[in-house]
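> this is a predicted model, with the sequence first.
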Amino acid sequence: AKGVPYHMESKSVGMLLLLVCFQVLLSCCSCQLIELVRHAEAAPPNCPAQLKPEPLDPLPLVIESALTHLQKTLTGTLNPTSRPSVTASVVYRGKVIWADGLGVQDKVHKEPPTSGTIYRIASVTKVFVDVMIYQLWEQGVIVSLDDNFIKYAPEFAIGNPFGSGSITLRQMMSQLSGLPLSPPCAFENGHYCDVTSEEIYARLKTEQLIFSPSTIPSYSNLAFALLGNALTEKLTNMTFQAYVEEKIIKPLGLENTGFEFTDSVKAKMAVGYNADGSVASPFDLYWNTPAGQMYSTVEDLAKFGAFFMSAYNATSASPSLVKKETLNEMLLPSFVNPGGVSEFGVPWEMFMVNDHLVRTKSGNIAGYSALFSFIPNLQLGVNVLWSGMYDEKTENAANDIYEILLPAFSDALTKVQPKVGYPPEPKLYEGNYQAMTVLGKQMAEISTVDDTLFINIGGLIRAFMWYVNTTMSVLFVPPATITCMLSELSAITGERVHFDLDAGGMAKNFTVPGLQWGVTYNRV
């Protein structure tokens with residue numbers, strides 16, 4: 001262009017080409033969308049609708065019936081010899097909607113347990129380790145979750161037959177470190193794992209990784225014991241127990257959660273039993289404490305689960321321990337197993353039930369087993385504690401529980417979903433519009449379909465519009481019409497449509513800047 005410096009002319013041409021490429025890409029994605037909607041029978045399964053967790057007060061009969069079914073199912077997990085008691089709680093929208101204790105917490109006195117009865121939670125302790133690490137990361141004490149562990153524990157060394165790479169904090173937090181299952185310690189000096197970190201580091205020098213890091217999940221108590229001990233010793237000048245008590249348990253108000261089996265704790269604690277029916281007296285894990293020492297109740301676990309689910313509740317107050325954005329990251333999968341049905345996270349064991357991804361952390365230790373679980377987008381959580389170890393009756397308990405609850409919640413929530421926003425005077429927006437784009441003249445039509453505004457831009461963008469106010473609507477494509485992947489690739493849902501109104505409130509034009517920046521569609 002005459003009078004325009006070369007570098008500015010080149011930049012302008014480059015931006016134009018970029019815009020053209022974007023429009024072509026948008027057109028291609030939208031064409032795929034149209035074709036998929038037209039030929040849905042030949043496509044992969046469409047994206048399941050995600051119901052909003054609306055208030056259900058009082059509880060609908062269908063959910064009350066499901067809870068009764070749940071109670072019977074949990075009763076079926078009891079064994080009068082090796083697992084005589086179980087307690088459970090169901091939390092919805094941050095509140096316990098059902099809790100019960102079944103069986104007897106002590107085979108001698110035969111007292112029934114309650115939702116306040118204490119049980120060991122074993123490996124659910126690992127969740128507290130990961131919360132601690134995310135707190136230290138937010139504070140800048142830990143620079144990156146992808147830092148090598150040796151940055152914070154220079155004494156650490158272990159053989160790596162798969163290469164020379166180091167193990168990161170994130171890999172250890174998500175069971176992708178390749179470290180062995182157990183730490184190099186046992187019952188010594190009359191106690192389990194009563195050793196120092198220095199002794200552990202010395203013993204690990206002769207050990208080896210069992211998998212190359214980040215290739216396949218392999219459960220490791222050693223990884224969490226290393227994290228819990230090393231990071232608190234090196235970075236906080238506190239023990240792991242002291243840190244968790246001050247920074248997590250106390251702020252969340254977990255009144256019956258902790259580490260030490262004092263007389264007052266034992267007085268409220270269910271007796272644990274071994275497979276042969278003998279009493280499994282609580283013992284301390286010492287150095288291995290971060291991997292599974294803690295105890296709790298289903299009441300406290302309900303509070304803990306509500307804390308995690310608050311990340312998905314846009315109207316709730318910001319969690320006191322970490323930011324919502326941090327919680328969201330903590331809830332993401334880290335590894336998808338073959339078949340795509342189960343996944344590992346930080347430190348979650350995840351699986352799909354009725355189109356919902358359930359986050360769980362199970363625990364199993366002599367005399368006790370635990371299930372801590374929730375579905376954050378549905379604000380639904382279930383916690384179960386048993387006075388006996390896992391076996392064939394309890395290994396599929398999480399799946400069985402959600403198979404009972406989810407259909408009931410789906411039925412109840414479907415009836416109370418908010419109606420799509422529809423303008424009081426739709427004719428103020430309906431009509432034909434036109435714009436000049438890099439692809440030439442493009443037409444758009446806004447009409448009403450099933451009491452919802454519908455927009456068709458040149459046959460390329462076809463979506464419903466959720467009325468927000470007189471000058472803005474939000475585009476959405478109903479999940480049932482396309483696959484999840486195509487919905488995400490097309491990037492239509494969530495985009496805002498901005499209207500310019502005349503003196504009478506009639507829409508003169510509109511823009512969709514997130515899809516077509518700088519393009520204005522004028523009414524014709």
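Ah, there it is. Numbering: from 1, shown residues only.

> please count neighbours and contacts with C-alpha atoms only from this point.
Noted.

> dig out what V474 forms beta bridges with.
According to DSSP bridges, the partner residues bridging V474 are W466, R496.

> partners of the nearest residue to S362 once chain neighbours are set aside in the sheet?
Leaving aside its sequence neighbours, S362 sits nearest to L371 (C-alpha to C-alpha, 6 or more residues apart in numbering; 4.6 Å). Per DSSP bridges, residues listed as beta-bridge partners of L371: S362, V384.

> quick one, what contacts L371?
L371 makes contact with V124, T360, K361, S362, G363, V382, N383, V384, L385, A398, according to C-alpha atoms under 8 Å, 6 or more residues apart in numbering.

> and if you look at V358?
Contacts for V358 were tallied using C-alpha under 8 Å, 6+ apart; they are M350, F351, M352, S373, F374, I375.

> now, the residues you listed that are in strands?
Taking DSSP state E, the ones among the contacts of V358 that sit in strands are M350, F351, M352, S373, F374, I375.

> helix or strand for the closest residue to the fourth one other than its chain neighbours, which one?
Pointing back at S373 there. Counting by C-alpha to C-alpha, 6+ apart, the nearest residue to S373 once its immediate chain neighbours are dropped is T360, at 4.1 Å. Mapping T360 onto the secondary structure by DSSP states H and E places it in strand 356-365.

> helices along the stretch 351-500 of the chain, start to end?
For the stretch 351-500 of the chain, applying DSSP state H, counting those that start in this stretch gives helices covering 397-414, 484-490.

> run through who's touching the longest one.
If I follow you right, that is helix 397-414. 51-54, 56, 60, 62-63, 66-67, 69-70, 73, 353-354, 371, 373.

> pretty sure T117 is touching A267, no?
No. Between T117 and A267 there is no contact, the gap being 9.4 Å when judged by C-alpha atoms under 8 Å.

> Three-state assignment for Y134, please.
Classification of Y134 by DSSP: H, G, I helix; E, B strand; the rest coil places it in helix.

> tally of neighbours for it?
Y134 has 23 neighbouring residues, counting by other C-alpha atoms under 10 Å.

> repeat for G190
Counted with other C-alpha under 10 Å, G190 comes out at 8.

> for the stretch 101-250 of the chain, what spans make up the helices?
Taking DSSP H, counting those that start in this stretch to define them, one finds helices in the stretch 101-250 of the chain at 125-138, 169-173, 197-204, 221-235, 240-244, 250-252.

> which one of those lies closest to N328?
Between N328 and the helices of the stretch 101-250 of the chain, the shortest separation by C-alpha to C-alpha is 11.4 Å, and it involves helix 125-138.

> so what does that closest one touch, helix or strand wise?
helix 221-235, helix 289-292 (3 or more C-alpha pairs under 8 Å, 6 or more residues apart in numbering; DSSP states H and E).

> where are the low-confidence patches of the chain?
For the chain, the stretches flagged by pLDDT under 70 are 1-44, 314-319.

> how much space between the most centrally placed residue in it and R359?
In the chain, the centroid-proximal residue (C-alpha atoms, centre = their mean) is L331; its distance is 3.2 Å. For L331, the distance to R359 (C-alpha to C-alpha, to the nearest Å) stands at 8 Å.

> how about the helices of the stretch 101-250 of the chain in a markdown table, adding distance to P183?
Output for the helices of the stretch 101-250 of the chain, formatted as a markdown table (distance: least, C-alpha to C-alpha, whole Å):
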| stretch | distance to P183 |
| --- | --- |
| helix 125-138 | 15 |
| helix 169-173 | 14 |
| helix 197-204 | 8 |
| helix 221-235 | 5 |
| helix 240-244 | 17 |
| helix 250-252 | 29 |
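
> most tightly packed of these?
With neighbours taken as mean count of other C-alpha atoms under 10 Å, these reach their highest mean count in helix 169-173, at a mean of 25.

> one step back: nearest to K107, of the ones in strands among the contacts of V358?
Using C-alpha to C-alpha, S373 comes nearest to K107 of these, at 28.1 Å.

> residues in contact with that closest one?
If you count contacts by C-alpha under 8 Å, 6+ apart, S373 has them with G305, V358, R359, T360, K361, G381, V382, N383, A398.

> make it 7 Å
Contact criterion C-alpha atoms under 7 Å, 6 or more residues apart in numbering gives V358, R359, T360, K361, G381, V382, N383 as the residues in contact with S373.

> S369 is in contact with the last one, correct?
Read that as N383. No. With contacts counted by C-alpha atoms under 7 Å, N383 stays clear of S369, the gap being 11.2 Å.

> how about residues contacting stretch 417-430?
Where contact means C-alpha under 7 Å, 6+ apart, the residues beyond stretch 417-430 that reach it are 52, 54, 446-447, 451-453, 466-468, 505-507.
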